[in-house]
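Sequence and predicted structure below; questions after.
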Amino acid sequence: MPLSAEDPLDEHRDVWWKSPAMEHGYVTALPLTGPFRFRRGAELASIQICWEEWGDRSPAGDNTVLVLPPMTADCHVTGAFAGGEPGWWEELVGPGRAIDTDRFHVVCPNHVGGCYGSTGPRFPSPDDGAPYLDRFPLVTPRDLAHVHRLFLDAIGVDRPALVIGPSMGGMIAWEWAATEARAGERVIAVAAPLVTTPLQIAWNWLQRIALDVDLAKDGSVTGKAGQRIARGVGMLSYRSPQGLLDKFGRETFQPLGATLAEPGLFNMESWLRQHGNRIAKKYDPWSWKVFARTMDLHDLGDGIDGGMEAAVRNVRADVLALGIRSDCLYPAADVRHAVDLVNAAGGAATYAEIDSDHGHDAFLIETEAIASILGSWRGAGAART
């Protein structure tokens with residue numbers, strides 16, 4: 001959205017966490033006619049979106065692909081092909097790839113509630129100028145789908161050629177299919193169900209209470225032990241037992257001694273420690289808390305008269321849903337069940353499965369398999385990516 005010289009946008013870059021978006025991203029203020037009201041009742045007076053794009057928009061404006069990132073990822077989906085830093089879906093998005101930037105205009109926005117430039121919990125509240133922190137709204141995937149519709153409106157995109165997202169991004173993609181899509185739009189939800197379960201909510205609760213260990217009342221981060229524990233809980237849910245066995249076995253990183261003073265370190269433990277240290281440097285625990293709850297609140301039937309049965313009847317898009325055979329977090333059976341419900345309600349949904357032992361993280365690892373599935377779906381006439 002163009003801004004006049006009289007009304008410059010304060011992008012609040014001082015509260016962004018370091019990511020490629022700081023160099024490559026654009027910032028757009030959503031043209032709200034009043035405060036944005038979230039489904040749980042809280043409001044934001046203004047919203048900015050940090051986003052990146054690749055490829056050129058067609059003269060007809062009908063070739064935009066909207067990519068919705070997973071929880072801790074930023075909007076930097078790709079970029080190494082252009083001399084930049086590699087993105088989190090580099091192998092899928094780029095010239096000649098499954099999502100071909102020679103043919104498509106690809107956009108990826110950072111989610112509201114994150115820490116990479118879109119309005120988040122460290123932004124100042126207009127009420128008192130202090131960071132929102134725990135005053136930040138509870139955000140549902142449906143809220144984020146609506147925000148991203150407003151974002152596309154702001155950059156002049158009426159009808160995307162495709163909406164695709166993995167994990168939390170897949171939950172938003174499902175909501176897009178049911179609440180924002182025009183008839184015939186194409187949506188791909190990767191490793192995401194229609195509703196989260198008590199076990200999934202429990203994993204997120206463990207992460208949130210661990211994060212609280214590191215957070216002071218003024219919002220400052222006082223340590224990283226809690227973040228390391230939270231990341232460990234998450235990483236164990238992202239991988240499968242067989243995948244971990246194949247990767248680590250019972251090999252040790254540090255030798256075992258004879259007493260508790262020399263406990264040694266298994267490769268499995270070293271890997272968890274490494275990921276814990278890494279996330280503490282790259283991701284704001286406040287945004288982590290926001291999005292852990294976002295996934296807990298995912299329920300396509302919530303607030304819909306008639307519940308899930310009615311919600312799936314609202315799916316107007318052509319949907320491809322990808323499950324992962326070994327996914328312990330969002331099991332493939334739940335993704336397949338989502339497709340069955342949509343089709344039973346008269347919708348158009350296709351199920352495909354990624355055959356991998358890597359668990360939920362296969363959506364990041366098995367990009368060749370995902371590309372093959374997208375190609376088959378395109379060949380069947382369901383998509384044009």
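Looks like it came in fine.

all contacts plus neighbour counts: C-alpha atoms, from now on.
OK.

Which positions within the helix or strand hosting residue 23 qualify as buried?
Residue 23 belongs to helix 21-24 when elements are defined using DSSP states H and E. Buried positions in helix 21-24, judged by neighbour count with 16 or more other C-alpha atoms under 10 Å: 21-22.

cool, and stretch 101-110?
101, 103-110.

Out of these, which comes closest to residue 364?
residue 108 (16.1 Å; C-alpha to C-alpha).

So the closest one: helix, strand or coil?
When classified by DSSP: H, G, I helix; E, B strand; the rest coil, residue 108 comes out as strand.

Next: residue 329.
Once three-state DSSP is applied, residue 329 turns out coil.

Could I get the pLDDT score of it?
According to the prediction, residue 329 has pLDDT 98.

Using just helix, strand and coil, how would you label the closest residue to it other than its chain neighbours?
With C-alpha to C-alpha, 6 or more residues apart in numbering as the criterion, residue 329 has its nearest non-adjacent residue at 5.4 Å, and that residue is residue 237. Of the three states, residue 237 takes helix under three-state DSSP.

who's in contact with residue 237?
Contact analysis of residue 237 by C-alpha atoms under 8 Å, 6 or more residues apart in numbering lists 203, 328-329, 360.

Of the residues you listed, which is the most crowded?
residue 360 (30 neighbours; other C-alpha atoms under 10 Å).

State whether that residue is indeed within a helix.
Yes - assessed with three-state DSSP, residue 360 lies in a helix.

Could you count how many residues lie near residue 377?
18.

how close does the closest residue to residue 57 other than its chain neighbours get to residue 372?
Take residue 57 and drop its neighbours on the chain: the residue closest to it by C-alpha to C-alpha, 6+ apart is residue 105, 5.0 Å away. Separation of residue 105 from residue 372 (C-alpha to C-alpha, to the nearest Å) stands at 21 Å.

List the contacts of residue 30.
1, 46-49, 150-151, 154.

cool, and residue 77?
69, 86-90, 93, 108.

Would you agree residue 189 falls within a helix?
No - with three-state DSSP as the criterion, residue 189 is assigned strand and is not in a helix.

Distance-wise, check it relative to residue 338.
Counting by C-alpha to C-alpha, the separation of residue 189 from residue 338 is 10 Å.

So which of these two has more stuff around it?
Comparing residue 189 with residue 338 by neighbour count (other C-alpha under 10 Å), the higher total belongs to residue 189, at 29 against 22.

Quickly check the buried residues of stretch 101-110 for the two that are furthest apart.
By the measure C-alpha to C-alpha, 103 and 110 form the most distant pair in the buried residues of stretch 101-110, at 22.9 Å.

where do the helices sit along the stretch 51-200 of the chain?
For the stretch 51-200 of the chain, helices defined by DSSP state H, counting those that start in this stretch occupy the ranges 141-154, 168-175, 198-212.

other SSEs contacting the first one?
Counting contacts by 3 or more C-alpha pairs under 8 Å, 6 or more residues apart in numbering; DSSP states H and E, the secondary-structure elements packed against helix 141-154 are helix 168-175.

any idea of the angle the helix it packs on forms with helix 141-154?
Helix 168-175 and helix 141-154 are oriented at 80 degrees to each other (axes from the mean of the first three to the mean of the last three C-alpha atoms, to 10 degrees).

Packing partners of helix 168-175?
helix 141-154, strand 162-166, strand 186-190.

Any chance you could list what contacts the longest one?
This means helix 141-154. Contacts with helix 141-154, where a contact means C-alpha under 8 Å, 6+ apart, come from 1, 28, 30-31, 38-39, 49, 109, 111-112, 158, 168, 171-173, 175-176, 179-180, 294-295, 297-298.

Farthest from the middle of this protein: give me that residue.
The centre of the chain is farthest from one residue, residue 258, which by C-alpha atoms, centre = their mean lies 44.6 Å away.

any idea whether that one is helix, strand or coil?
coil.

Might you report the residue contacts of residue 41?
With contact set as C-alpha under 8 Å, 6+ apart, residue 41 has these partners: residue 137.

returning to what we had before: to residue 81, which of the helices of the stretch 51-200 of the chain lies closest?
helix 168-175 (23.6 Å).

can you give me the helices in the stretch 201-350 of the chain?
Secondary structure of the stretch 201-350 of the chain by DSSP H, counting those that start in this stretch: the helices cover 225-238, 241-248, 267-282, 285-296, 307-313, 332-344.

Give me the buried positions along the third one.
When you say that, I think you mean helix 267-282. Neighbour counts over helix 267-282 (16+ other C-alpha under 10 Å) mark 267-268, 271-273, 275-277, 279-280 as buried.

Need the residues that contact the lowest-mean-pLDDT helix or strand in the chain.
The least trusted helix or strand in the chain, going by mean pLDDT, DSSP states H and E, turns out to be helix 21-24, with a mean of 90. The contact list for helix 21-24, computed with C-alpha under 8 Å, 6+ apart, reads 16, 50-52, 74-76, 116-117.

Quickly name whichever of the residues you listed is closest to residue 217.
residue 16 (19.5 Å).

In this structure that closest one contacts residue 119, no?
No - if you go by C-alpha atoms under 8 Å, residue 16 and residue 119 don't touch, sitting 9.6 Å apart.

So which of these two has more stuff around it?
The neighbour comparison of residue 16 against residue 119 (other C-alpha under 10 Å) goes to residue 119, with 26 against 21.

Let me know the pLDDT of that one.
pLDDT at residue 119 comes out at 98.

For it, give its distance to residue 143.
14 Å.

mind listing what residue 270 touches?
Contact partners of residue 270, counting by C-alpha under 8 Å, 6+ apart, are residue 253.

domains for this protein, by residue range?
The record's domain split for the chain, according to automatic domain parsing, is 13-195+304-379, 200-292.

any idea which of the ones you listed is most buried?
domain 13-195+304-379 (a mean of 20; mean count of other C-alpha atoms under 10 Å).
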